[in-house]
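In: Test case, fold it:
(one chain, ligands or ions: 2)
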Amino acid sequence: MTRLASQLVLLAYVSIRTTNAAIHAKAVLSGASPVKGTVYFTQESEGQPVILTGHLRSLSPGYHGFHIHEYGNLTSGCASAGAHHNPGSKAHGAPSDRDRHVGDLGNVWADNNGNVRINITDSTISLQGTNSIIGRTVMVHDKKDDLGKGGDTESKMTGNAGGRVACGVVGLLPTGRDSFKLSLTVFPDHRNR
Ligand SMILES: [Cu+2]
Ligand SMILES: [Zn+2]
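Out: Ligands and ions are numbered 1, 2, ... in the order given. Now for the predicted structure:
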């Protein structure tokens, strides 16, 4: 290939890459408990952080473990979603820890009415590539995640977050502005409830 031809190929490749639209995804959470919710995921491009927004309701007040579990299999409810998504075979930890499961998103906080407003930015999960969470399950737990600092074996595996109260499979949304507008409409609706 001539130098000009290879430069043209490179230019075409770069322009395709940079015109890639942001990726949007959504999970609708429910389970055996009354807890319900919706989580939206947005990633501008590969290597960029993933932004999570959305809401949960009917939780007990306080902190609740919040993770990505490895399988999108809800055949037996939240129980069949597998363990925390952990492609690197690491120990359980806090979202800010270097040593953490990819799926470790820490805790969400429910107010006295049991409502959670989710606003999380995470640079470890992705909506594409090795750490992709598309087709996996977002899980909310009964208890607080101790972030691997509980001093026992279970802490390094699950954070002692207890039962699985609600979950939903992370699925792709259409790319572009329509899905982003969709995510913005969640909040006014939620406030009026
Ligand atoms: Cu979990
Ligand atoms: Zn974990």
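
In: Would you pull up the residue in the protein closest to ligand 1?
Out: Nearest to ligand 1 in the chain, going by Cβ to the ion, is residue 67, at a distance of 3.4 Å. Bear in mind the C-beta positions are built from the backbone N, C-alpha and C, glycine included.

In: That residue - that's part of a helix, no?
Out: No: using DSSP: H, G, I helix; E, B strand; the rest coil, the assignment for residue 67 is strand, not a helix.

In: How many neighbouring residues does it have?
Out: Counted by other Cβ atoms under 10 Å, the residues lying close to residue 67 total 29.

In: That one touches residue 105, doesn't it?
Out: Yes: assessed by Cβ atoms under 8 Å, residue 67 is found in contact with residue 105 at 5.8 Å.

In: any low-confidence regions in the chain?
Out: Counting by pLDDT under 70, the ranges of the chain that qualify are 1-20, 176-193.

In: Near ligand 2, which residues of it are found?
Out: Contact residues (Cβ under 5 Å from the ion) of the chain with ligand 2: 84, 92, 101, 104.

In: Adding secondary structure, distance to residue 171 and neighbour count, write the residues you listed out as a markdown table.
Out: Rendered in a markdown table, the data for the residues of the chain next to ligand 2 read as follows (DSSP: H, G, I helix; E, B strand; the rest coil; distance: Cβ to Cβ, whole Å; neighbours: other Cβ atoms under 10 Å):
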| residue | secondary structure | distance to residue 171 | neighbour count |
| --- | --- | --- | --- |
| 84 | strand | 20 | 23 |
| 92 | coil | 26 | 29 |
| 101 | coil | 21 | 28 |
| 104 | strand | 21 | 29 |
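
In: the strands in this structure, which residues?
Out: 23-29, 36-43, 50-57, 62-69, 75-78, 104-110, 116-122, 137-141, 164-169, 171-172 (DSSP state E).

In: Thanks again, I'm all set now.
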